[in-house]
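In: Give the three-dimensional model of this entry:
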Amino acid sequence: MSAPASVGIDAGSTTFKAVMIDADGQILDSFLEGSDPRIEKQQAAALESLGAPKSVPIVATGYGRNRVAADKAITEITCHARGAFSRMREAGILIDVGGQDTKVIRLGQNGGVLDFAMNDKCAAGTGRFLEVILARLRISQEEVAGYASRSTRAIPINSTCTVFAESEVVSLVARGEALEDIVAGLHAALANRIASLAGSVPPNARLFMSGGVALNSVMVTALSKELSRPVSVVPDPQLIGALGAALSALPNWNKARL
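Out: Sure thing, here's the model as predicted:
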């Protein structure tokens with residue numbers, strides 16, 4: 001195994017991610033689990049799991065980055081851009097849908113951030129929207145694709161607030177609407193909100209998706225439909241922020257051979 005060169009930690013609102021990379025930017029090992037309010041303890045567990053040498057630099061990002069014992073802390077926008085570019089190797093638009101916020105980042109030819117928009121004020125445009133309402137319907141993430149595949153129409157979910165949308169869904173269930181159609185409607189509603197955040201997308205721009213919601217194939221399909229073009233999922237979508245943080249410790253991060 002190549003020698004470890006750096007560790008990146010993404011202390012997110014819902015998940016804690018860490019990656020250890022070599023000098024070429026290759027991921028040697030990773031760590032991912034639900035966020036613990038005791039970040040210091042979770043960092044220690046992550047570093048032990050990775051087997052990270054004490055000599056390697058640590059770069060932190062995410063909501064809890066200032067509580068991580070690191071050599072430096074960098075914003076999520078910069079780290080997600082670097083992580084995504086290292087994997088996709090081309091300019092485009094990154095849509096990162098996390099548990100607490102959604103980021104739309106325009107990447108330049110060298111992976112730099114040209115522009116970005118961020119929704120961090122309301123859960124209705126984030127993964128939390130799906131998490132709350134699917135839990136109310138007692139539908140697991142593993143069951144989502146099956147429900148959506150049996151839908152004959154996506155029922156519109158009109159409420160723009162997660163709390164009100166949950167009440168709206170309860171009313172739809174009471175009215176006898178099929179759960180399959182409600183599930184399809186939930187994904188269509190979230191896709192619409194994300195597309196509104198993205199605004200006018202240049203016709204030739206490549207679209208990439210990262211974050212935990214990118215693991216939801218129904219959401220990827222709904223977003224592709226809403227934006228009228230394919231959305232490609234970045235490899236290891238949940239680790240992109242941590243990867244970008246780790247790359248930031250390398251002298252020539254954008255030349256890492258991935």
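In: drop to CA atoms for contacts and neighbour counts, all remaining ones
Out: OK.
In: contacting residues for residue 215?
Out: residue 237 (C-alpha atoms under 8 Å, 6 or more residues apart in numbering).
In: State the distance from the residue nearest to residue 92 when sequence neighbours are not counted to residue 185.
Out: Nearest residue to residue 92, sequence neighbours excluded (C-alpha to C-alpha, 6 or more residues apart in numbering): residue 206, at 4.6 Å. Distance of residue 206 to residue 185, given as C-alpha to C-alpha, to the nearest Å: 26 Å.
In: Mind checking which of those two has more residues around it?
Out: Of the pair residue 206 and residue 185, residue 185 is the one with more neighbours under other C-alpha atoms under 10 Å, namely 22 against 19.
In: Name the helix or strand for the more buried one, please.
Out: According to DSSP states H and E, residue 185 maps onto helix 179-198.
In: gap between that helix and the chain center?
Out: The chain centroid and the centroid of helix 179-198 are separated by 16 Å under C-alpha atoms, centre = their mean, to the nearest Å.
In: Show me what the helix or strand following that helix is packed against.
Out: Note on helix 179-198: by DSSP H and E, the next helix or strand toward the C-terminus is strand 207-210. Secondary-structure packing of strand 207-210 (3 or more C-alpha pairs under 8 Å, 6 or more residues apart in numbering; DSSP states H and E): strand 92-97, strand 231-233.
In: what's in contact with the helix or strand that comes right after strand 207-210?
Out: From strand 207-210 onward toward the C-terminus, using DSSP H and E, the following helix or strand is helix 217-227. Here helix 217-227 makes contact (C-alpha under 8 Å, 6+ apart) with 144-145, 148, 187-188, 191-192, 194-195, 209, 213-214, 230-231, 233.
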